[in-house]
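Asker: need the 3D shape of this:
(3 chains)
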Amino acid sequence: MSKIKEEKKFSPARFFIGFTLIFIVAIWTIPTFGVFVTSFRDSKDIYGSGWWSVLPHKDMVKTDEFELPQDTDPDAPITLEGVTATFDEWRQGLYTEEGRQLRWYGNKRARKIEVYEEKWIGFGSNLSFSNYRDVLSGGKISYEDAEGNTITRQGNNFADAVLNSLAVTIPATIIPILIAAFAAYAFAWMEFPGRKPLFIMVVALLVVPLQIALIPILRDFTNWGLYGTFVSMWLAHTSFGLPLAIYLLYNYISTLPRDIFESAYLDGATPFTTFVRLVLPLSIPALASFSIFQFLWVWNDYLVALIFLGDRNRVVTSALAAMVGEKGQDWHLLTSGAFMSMILPLVVFFGLQRFFVRGLMAGSVKG
Amino acid sequence: MNQDKKSLGSYLITLGLIILAVVFLFGGFNLLQRMQDYKVLMTLFAVFWGLGSVALLYYVLNDVAQNMPRKIRSVAVALVFAGPAVLLLIWALVLPTLRSLRLSFLDATGSKFVLLDNYRFAFTDPIMLESFRNNLLWMFFGTLTCVTLGLIIAVLADKSKFEKVFKSLIFMPMAISFVGAGVIWKFIYAYKGEGINITEIGLLNAIVTSLGGVAQPWLLVPFWNNFFLIVIMVWLQTGYAMVIISSAIKSIPEEINEAAHVDGANALVIFFRITIPYIMPSIITVTTTILIFSLKLFDIVRVMTGGNFGTNVIANEFYLRQFTYGNSGQASAIAIVLLVVIIPVLAYKVLK
Amino acid sequence: MKKYFLMLLILISTSVFLAAGGQQPMEDETKPMGDDMYADVRGTVVTMAGPFTDNDAVKFNESVKAFEEMTGIDIQYEGSKEFEASISIRVEGGNPPDIVDFPQPGLLKTFVKKGFVLDLNGILDMEKVKSNYIQSWLDMATMESPDGEIMAGVWGRVNGKSLVWYNKKEFDAAGYKVPTTWEELEELQEMILADGDSPWAVGIESGAATGWAATDWVEEMMLRTTSLENYDRWVAGELKFDSPEVRRAIKAMADIWLKEGMVYGGPTGIVTTFFGDAPKVMFEEPPKAWLHKQGNFITSFFPDNAVAGEDYDFFYLPSVDTAYGRPVLVAGDIYAMFNDRPEVRMVMQFFATGDSVKEWVKVGGAISPHKDAELSWYSNLVDKKVAEVIQNATSVRFDGSDLMPGAVGAGSFWKEMTAYVSGSKTLDEALKAIDDSWPE
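Answerer: From the prediction side, this is the model:
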């Protein structure tokens, strides 16, 4: 249907569509973009102004200050440059006739006035990679807060967390696919007692919220000495991913033509070789798409890692959550950390988008 | 491979394989534990060993099955194929579910039978009622918005030259973790308190104040704060709805649309008479998937408000009861209720 | 043929693993000969679990390093944010670490009640332990087990909570005076208000734990407006939240928190401000608020170049009613022992000495409850003063919410106080909800 439209030239309808889309996409992207910009900003600036202030804009800039005589009574109306107002009003800031703004500094005891003028401010130049460096390094970090005070903290070893995440995510993506593919093949093409009820059980398990399983599994892991190891994460993520994986792969593998298996058997191939030589290669689209799904899920998981991995092999999401918990709103570290945690999933997603969509379709439309 | 007679050598090989597999598994595990200080090496080895173990396991198990007497061989092979998955699922999901069912009739520490007390709690406690209400809000408004927006974007993008770019950007949040999304949205809703000459650094408050409004603590506004949280889910999940619906739209045969055009139908008529009915199955799948998602929803609330200020949801209350309050009875009852609520939605999805 | 090749491959790779994995560590290390008093324990491992992560974990490791080097015992501390969940499972599954670090004695109490915790009497040199703590600490470590009262643990790092922090430079420049009585504090508040500022900076946002800072305030007020007996009964669940005593305490807090202008940002500011960010407004130029009540750990959230004793200082939150003495609210970590081995005993004995927190005390952020801790260790005057405040207290009481059952102390008490402060619930509703949530 799109062909018909594409031949048309400019029309109000097309303009409207384009405009609406750009509007929606803008809303969708701005939150992430804001974090992206913030992650390059100086910690002091982040507290003082919104990230959008890196764009040219008009703002009030302090140009002067002066002291009031010590005998000024702050409780009585005060007249400055022809304007008379109370303390509270001066504190809010009042404009003089020349367009300057006078603000009372501090409390009544301070008796100091600051002068502000509106000026154009160009593109923010105070942007750097230093936040990223600080988050990645394991050493001490120092930075300046809003008042120019230096704060030193233990760095978050984000680089290690990335490696841990990889060690968790890659096997926890591929193992369930392999196991699920074997099972899906068995459910689709093999005869064995209890095949139907078992398959129904697998599908029914899609409803189980994984939180139910955390405590019993944790108990087993501690008894087996697996607590805090990568193996525990692989086992947990594999189990939690299996129902969906089997369900999706079953949908795909069961539609493969029967003839190919039969001719393979006639050639003397065992089910194992048939599976490895024929089924796996043929199912690549479905495998790939599920793997992307599982990859995103495992990489972004926090809960399972929190319960099973402890602190020793901390993954990216835990490192990020630790920053949220420990440092409150140290936005400069949080934003750069958050952005780094997104890079790999985004690369995977944009790189393999084609497969992803195809796989989602395989599961959902046929289902 | 020799199918009929098994020689002694064949058995010996199998035995050797089994031993080697065991050694590979345990030796590798030990080695992995010792590599803590060499992170890069450890990561590479973990991947190699983890994948190698699973592959080896299947290979060896299959070899064992092939050595079985002919009569039971085909069943044995099927067991090798389906067995690991089924065992894992029974261990990780079936048994815990049954355990929860049992615990839901016991008291907080699982030592005394309390009949339906926990279920009475689950359906009458004010915090549970609040959670049910909020989950309903999430299910209704969250799902509706996701699907509607996904549909609109899919239809509009289909007619645009830059379809790919638009769809990618809408889909992008799916690749972001809840923790990351929490950071992003806390930045939007940030509120600096009442005071003089405060510069808001939260985007929403900056917009409101620049339009002459008063800055709000968005996550505190009673009742409506739920919607500010739902917006986050919409942001995360609309991409999914859009992708599925968009693929369905692309699968509509050209001829149908062309025929309608020839008949003089306008765009709206085509949309409602042809497009919608054709993609209905996809819409239903998307709807049920997001419904289930919003029932199980946990992370967004946990990260943004911790369930305070009237934003609690069932899954968060479950987590609190289980992990913070140590009340396994009530927690299990909540989990079972959640499960029972999801079943019809899922059944609908699978049967469709 | 292929099969043999595969087998060979696996054989080679596994023998490599075996060689690497099976080798016994430590054995081949050169043992110091002769009179090594730690010869028996050298090379042993003591496992610990607790909540220290990040900075705390680093500081903890620093403070046990010297001990590890001296004795050759490797203390492996496993920190986790969800430590409570995992520790319950490990303890009840019969697989506990050797020593567990409890930041909340309430959880330890339940383990003691079930008989999982070793009685330190008879295991450690109790003479040494007892002479190294004041009585209040020993009392708080004594818990009821199935076999009667036991010494359930030793106190490591502690925090004083009844402290009011201020920006000393600005405070002095403005001519304000440190209050020593409640009346003087009220005068100071009025003075700051009259000068056009908010006296207090308060923030109770803390993610899923939002509200705990409010419960600290309630506890302070309980200690100051009613008797210790009532405080203890309240913590034990015998005195209801909906009682005149607790209401009076909450009202004393509300008189400050909910009064117009008294707290920077107002009630909405209180509930939306992260507790660590709350004191930051005191260090702004000009200061937006002047006083901040919090435990001494809060100094790690202060600007780093702010010098203790010069840029900031604190005073003891005065007694409201002198009849109730000079109580101090504290929190801290208690180490309990689950496995009895010589090296574990040695580590526990070590935790009962000031040396175990010396390095931590030196870098700041911890107060030693041990008598043999020297005041000269404290790198700054403020920490030293906190230690003095704790020592001068007529009574020391532990943070009540940490002693209550989790459903209250880490649940409804936090949540309902937050709801009350934010205005979404009335005090009556909040108190009733807390009382209802108390497990039978």
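Asker: check contacts around C:Val363.
Answerer: C:Lys59, C:Glu62, C:Ser379 (CB atoms under 8 Å, 6 or more residues apart in numbering or on different chains). Where you see a C-beta, it was placed from the backbone N, CA and C, and this is true even at glycine.
Asker: test my guess that B:Leu220 contacts C:Val421.
Answerer: No: when contacts are counted by CB atoms under 8 Å, B:Leu220 is not listed as touching C:Val421 (10.5 Å).
Asker: which neighbours do the two share?
Answerer: With CB under 8 Å, 6+ apart as the test, B:Leu220 and C:Val421 both reach C:Val271.
Asker: got the domain boundaries for the chain?
Answerer: All of this is about chain A. A:2-38, A:57-121, A:158-364 (automatic domain parsing).
Asker: I was after chain B.
Answerer: If you go by automatic domain parsing, chain B breaks into B:8-103, B:118-351.
Asker: deepest of those domains, which one?
Answerer: With neighbours defined as mean count of other CB atoms under 10 Å in any protein chain shown, the domains of chain B peak in mean count at domain B:118-351, which reaches a mean of 20.
Asker: would you list the buried entries among the contacts of C:Val363?
Answerer: When the contacts of C:Val363 are checked for burial by 16 or more other CB atoms under 10 Å in any protein chain shown, the buried set is C:Lys59.
Asker: if we only consider the contacts of C:Val363, which is nearest to C:Thr215?
Answerer: Nearest to C:Thr215 among the contacts of C:Val363 is C:Lys59, at 25.7 Å by CB to CB.
Asker: gap between the closest one and C:Ser368?
Answerer: Distance of C:Lys59 to C:Ser368, given as CB to CB, to the nearest Å: 13 Å.
Asker: what does C:Ile123 give?
Answerer: Distance from C:Ile123 to C:Ser368, counting by CB to CB: 22 Å.
Asker: single out the residue in the stretch 151-300 of chain C that lies closest to chain A.
Answerer: C:Pro286 (3.1 Å; CB to the nearest CB).
Asker: now do that residue, the pLDDT please.
Answerer: On pLDDT, C:Pro286 comes in at 84.
Asker: now do the contacts for the closest residue in space to it that isn't next to it in sequence.
Answerer: Excluding its sequence neighbours, the residue lying closest to C:Pro286 (CB to CB, 6 or more residues apart in numbering or on different chains) is A:Gly106, at 3.1 Å. The neighbours of A:Gly106, taking CB under 8 Å, 6+ apart as the test, are A:Lys112, C:Asp197, C:Pro286, C:Pro287.
Asker: restricted to strands, list these.
Answerer: Among the contacts of A:Gly106, the ones falling in strands (DSSP state E) are A:Lys112.
Asker: kindly supply the PyMOL command isolating those of the contacts of A:Gly106 that are buried.
Answerer: Buried subset of the contacts of A:Gly106, written as a PyMOL selection, criterion 16+ other CB under 10 Å:
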select buried, chain C and resi 197+287
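Asker: ok, so of the contacts of A:Gly106, who is nearest C:Leu118?
Answerer: Nearest member of those to C:Leu118, counting by CB to CB, is C:Pro287, at 50.4 Å.
Asker: can you pull the contacts of that closest one?
Answerer: So C:Pro287 contacts A:Gly106, C:Asn167, C:Glu170, C:Asp197, C:Val281 (CB under 8 Å, 6+ apart).
Asker: same thing but at 6 Å, please
Answerer: Applying CB atoms under 6 Å, 6 or more residues apart in numbering or on different chains to C:Pro287 gives the contacts C:Asn167, C:Glu170.
Asker: phi and psi next, for it.
Answerer: phi -60, psi 140 (degrees, to the nearest 10).
Asker: go on, B:Ala108?
Answerer: phi -60, psi -40.
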